[in-house]
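Student: make a model of this:
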Amino acid sequence: MKTRRQYLGPLILITLGVLLLLDKLEIAEFGDIISTYWPLVLILVGLRMFFRYGRSESQAGVPHDVIFSGTTRESAGTTISSSNVFGDVDMKITSTDFHGGSISNVFGDMNIDLNEIQLAEGEQTLKLDGVFGDMHVLVPKNLEVYVTAHSVIGDMRVLGNVKSGFGQQISYTTPNYPGATKKLRLITNQVFGSAKIW
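Tutor: Numbers count the residues shown, from 1 in each chain. Alright, predicted model coming up:
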């Protein structure tokens, strides 16, 4: 059974298609519609974040298998490059020689499980970018990591450090990171929504 969130992507595509068709048939001008109704988009995004806030906070102590439910795609390659526009990204990185990469998502949540990752020698960089939605990243306790998390509007929780509001940043480095032979540089950017690195 589909959840309401799974219909969001198709509804946006249908709406854009209708607006483009109305513009093509000269019934309504697409530019006028966008310039008139763009504040409504901001209101809807704000309402979505407001009603999801309580749910996100309630997950603070929830085991990862509850948050990372549904279909999870595994990636065992040495590098990763993934872009998604509509829908959630549920990914478990199981590489035994990870050299870094990037994952981006526009509309939907991003759930990245790094619990089974093994890094290549040196400092490897993983960049995660999200626009509308929440981001959850699971980092194994034995991994040496340097995290830089940015958020435009939303809450952030990075390995016990919490910030909320507008234009926030959290930087966190594990104690043994500087001298580690294998380490991960994790850079996250979330525009609208919460970002949690566990």
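Student: now do the strands in the chain.
Tutor: Assigned by DSSP state E, the chain shows strands spanning 73-75, 80-86, 89-93, 101-107, 110-113, 122-132, 135-138, 145-158, 161-173, 182-192, 195-197.
Student: weakest of those by average pLDDT?
Tutor: The weakest mean pLDDT among the strands of the chain belongs to strand 73-75, with a mean of 77.
Student: pairing partners for it, with directions?
Tutor: Strand pairing for strand 73-75, determined by DSSP bridges: strand 89-93 (parallel).
Student: contacts for the strand it pairs with?
Tutor: Here strand 89-93 makes contact (C-beta atoms under 8 Å, 6 or more residues apart in numbering) with 68, 70-76, 80, 82, 103, 105, 108-117. Backbone N, C-alpha and C define where each C-beta goes, glycine included.
Student: of all the strands of the chain, which lies closest to Lys24?
Tutor: Ranking those by distance to Lys24, with C-beta to C-beta as the measure, places strand 80-86 first at 22.5 Å.
Student: could you tell me the angle between that closest one and strand 89-93?
Tutor: Note on geometry: by axes from the mean of the first three to the mean of the last three C-alpha atoms, to 10 degrees, strand 80-86 and strand 89-93 are set 170 degrees apart in direction.
Student: I figured Tyr146 hits Pro175, correct?
Tutor: No. Assessed by C-beta atoms under 8 Å, Tyr146 is found out of contact with Pro175, at 11.2 Å.
Student: so for the two, which residue has more residues nearby?
Tutor: More crowded of Tyr146 and Pro175, by other C-beta atoms under 10 Å: Tyr146, with 18 against 8.
Student: so what's the more buried one up against?
Tutor: Contacts of Tyr146 by C-beta under 8 Å, 6+ apart are Ser171, Tyr172, Thr173, Thr174, Tyr177, Lys183, Leu184, Arg185, Leu186.
Student: count of neighbours near Pro178?
Tutor: So Pro178, with other C-beta under 10 Å, has 10 neighbours.
Student: okay, now the domains of the protein?
Tutor: Each domain of the chain is listed here as a residue range: 4-58, 64-197, per automatic domain parsing.
Student: highest average neighbour count across those?
Tutor: domain 64-197 (a mean of 17; mean count of other C-beta atoms under 10 Å).
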